[in-house]
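Q: Let's see this in three dimensions:
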Amino acid sequence: MPFQLAACAEMLWRDRPIDWRAARLTERGLGVGLWNWPDHDLTRLERVGANYTIMNGYLTGRLTDPEGADRLLASARETAEVGKRLGVDRLNLHGTGLGEGGIPIPQHGTFSPGMALRARDTLHRLCDMAEELGVVYTLENLNPLDHPGCPFGSTAEVLSPVSAVNRPQLRINLDLYHTQIGEGDLIRWCRACLPWIGEVQVADNPGRCEPGTGEINYAGVARALRDMGYTGAVGMEAYAAGDSDAAVEAFVAAFTL
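A: Reported below is the predicted structural model:
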């Protein structure tokens, strides 16, 4: 298996406690993705002994304006300490604030060049803090249909600042579900982002369910990632179309080469 496979615990076995879900994924040999840490009992999650691969790296703030940047950096520092407690590999960012359940919410109707420059400055400040704390952040691309008005609503808008900052404390969380809706051309975007990818996230479209339920040829994407030399994390951030165990099996099968 050339990739480090994980799945988002928030989206599977949704009638079960979060620590049960984390334990179930760990039993299957997978890493565990989380969203909003304040929603959970951290002591119970610690006891699972899971490899927590990624979680939201902030609770409030924005990248693109001074007030929002200050709040984001303070929130990111607090969350970094929680991440270190759980041993989280990567702390995830969006360009906007978070709503209920840790879902990105719109803050701006337009994304101007000035906002991009301010976001780049904020990301440098974030990297300074991450270097001090010994953590890694990822910036996730979104799509304009599910997250209208959100900054960094495309793969291109994420690749530009991350590649410009070009520091090891900041990587791309390349969410191919969002890329498919916003731009398509998944393999070329994987290749363009490759030097800066911290994690690849997957779900099929339409429906945001496991591979094999929609239009994306994830087996072909997996082969392309392997052939271009990617050996990092691939996380399923998808709902189960039916049984969650079957969804995990489908994901593992698509990315086992």
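Q: pretty sure Arg24 contacts Trp13?
A: Yes - if you go by Cβ atoms under 8 Å, Arg24 and Trp13 touch, sitting 6.5 Å apart. To be clear about C-beta, it is placed using only N, CA and C from the backbone, and glycine gets the same treatment.
Q: give me the number of residues near Tyr239?
A: Look at Tyr239: counted by other Cβ atoms under 10 Å, it has 18 neighbours.
Q: now swap in the one 4 residues further on and tell me
A: Applying other Cβ under 10 Å, we find 11 residues neighbouring Asp243.
Q: and Arg191, how many residues sit next to it?
A: Using other Cβ under 10 Å, Arg191 has 15 neighbouring residues.
Q: if I pick it, what's in contact with it?
A: Ala224, Met228 (Cβ atoms under 8 Å, 6 or more residues apart in numbering).
Q: do the one 5 residues further on as well
A: With contact set as Cβ under 8 Å, 6+ apart, Trp196 has these partners: Leu159, Val162, Ser163, Asn166, Leu170, Arg171, Ile172.
Q: ok, 7 Å please
A: Contact analysis of Trp196 by Cβ atoms under 7 Å, 6 or more residues apart in numbering lists Val162, Ser163, Arg171, Ile172.
Q: Relative to Asp185, how far out is the residue of the chain most remote from its centre?
A: In the chain, the residue that sits farthest from the middle, by Cα atoms, centre = their mean, is Gly114; the gap is 25.2 Å. Distance of Gly114 to Asp185, computed by Cβ to Cβ, to the nearest Å: 28 Å.
Q: What backbone torsions are found at Gln201?
A: Gln201 adopts backbone torsions of phi -110, psi 150, taken as degrees, to the nearest 10.
Q: likewise the one 3 residues further on?
A: According to degrees, to the nearest 10, the main-chain angles of Asp204 amount to phi -90, psi 160.
Q: okay, the residue lying closest to it once chain neighbours are set aside: pLDDT?
A: By the measure of Cβ to Cβ, 6 or more residues apart in numbering, the closest residue to Asp204 outside its immediate chain neighbours is Gly214, 3.4 Å from it. Turning to Gly214, the model gives it a pLDDT of 98.
Q: Buried residues, the helix or strand harbouring the residue farthest from the centre of the chain. List them.
A: Here Gly114 sits within helix 113-133, counting by DSSP states H and E. Neighbour-count burial for helix 113-133, counted by 16 or more other Cβ atoms under 10 Å, picks out Met115, Ala116, Arg118, Ala119, Arg120, Thr122, Leu123, Leu126, Cys127, Met129, Ala130, Leu133.
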